[in-house]
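Visitor: Provided below for reference: sequence and predicted model.
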Amino acid sequence: MPDAKPPTLTRRDWVIVALEALADHGINGVKVERIAEHINVTRGSFYWHFKSRADLLDAMLDFWRRELTEDLISRASSHATASERLRSVAADAIEHRSFGLDVHRVEEALRFWAATDDSAALKMREVDSARIDYIVGELIALGQQRQQAVRRARLLYLALIGLFTARGYNGELADDDAYAELVELVIAR
């Protein structure tokens, strides 16, 4: 039996490249052979880390949930007040690049994928709910009533999705400062 050679690429590296492929080509562009060719490795490297393409797809959604949702919220927890935490989460959320990925394009591609795949849609709804629930909790901590906090959290979240969408075709409309101002208006009650 030949000696097993440790891979040079990590599972995380594959996931990031797969998310880039998703943003560039949609879910049908997330093909093992295409990704391997793009990063100049053999398909064997892929199978060192993943059982199948489905395993990779699950890992992509898990990465998005963990790295671009849970870790973002965790970083904000170091701030003392709810308003500071909301500002921090909002600032991180509108970053243009993270892990070398164009965030708005990845988010948009994930949502398009979720519109055509029940499994991806379920995970998308879970992440959307977690993000909105976090915002609701912080708005309640600021003294807002629950019903109002839910509406305002949805407003902020839908505006963020709109900002991401506009980045793809209308840079003038995709105004990060306008989004930051909306965050301030919601925080101010």
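Guide: That came through fine. Residues are numbered from 1 along each chain as shown.

Visitor: all helices for this protein, in order.
Guide: In the chain, the segments counted as helices under DSSP state H are 11-25, 32-38, 43-49, 53-65, 71-76, 82-93, 103-114, 118-141, 146-167, 176-188.

Visitor: so which bits of the fourth one are buried?
Guide: Going back to what we said before, that points to helix 53-65. Leu56, Leu57, Asp58, Ala59, Met60, Leu61, Phe63, Trp64, Arg65 (16 or more other Cβ atoms under 10 Å). Where C-beta positions appear, they are placed from N, C-alpha and C, glycine not excepted.

Visitor: what sits closest to the first one if chain neighbours are left out?
Guide: What that stands for is Leu56. Nearest residue to Leu56 in three dimensions, chain neighbours excluded: Phe50, at 4.9 Å (Cβ to Cβ, 6 or more residues apart in numbering).

Visitor: how far is stretch 110-123 from where the chain is centred?
Guide: 13 Å (Cα atoms, centre = their mean, to the nearest Å).

Visitor: may I see the buried residues of it?
Guide: Within stretch 110-123, the residues scored as buried using 16+ other Cβ under 10 Å are Leu110, Arg111, Trp113, Ala114, Ala120, Lys123.

Visitor: ok, back up a step: can you list the buried residues of helix 53-65 in JSON lines and add distance to Ala130?
Guide: Output for the buried residues of helix 53-65, formatted as JSON lines (distance: Cβ to Cβ, whole Å):
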{"residue": "Leu56", "distance to Ala130": "22"}
{"residue": "Leu57", "distance to Ala130": "20"}
{"residue": "Asp58", "distance to Ala130": "17"}
{"residue": "Ala59", "distance to Ala130": "18"}
{"residue": "Met60", "distance to Ala130": "17"}
{"residue": "Leu61", "distance to Ala130": "13"}
{"residue": "Phe63", "distance to Ala130": "15"}
{"residue": "Trp64", "distance to Ala130": "11"}
{"residue": "Arg65", "distance to Ala130": "8"}
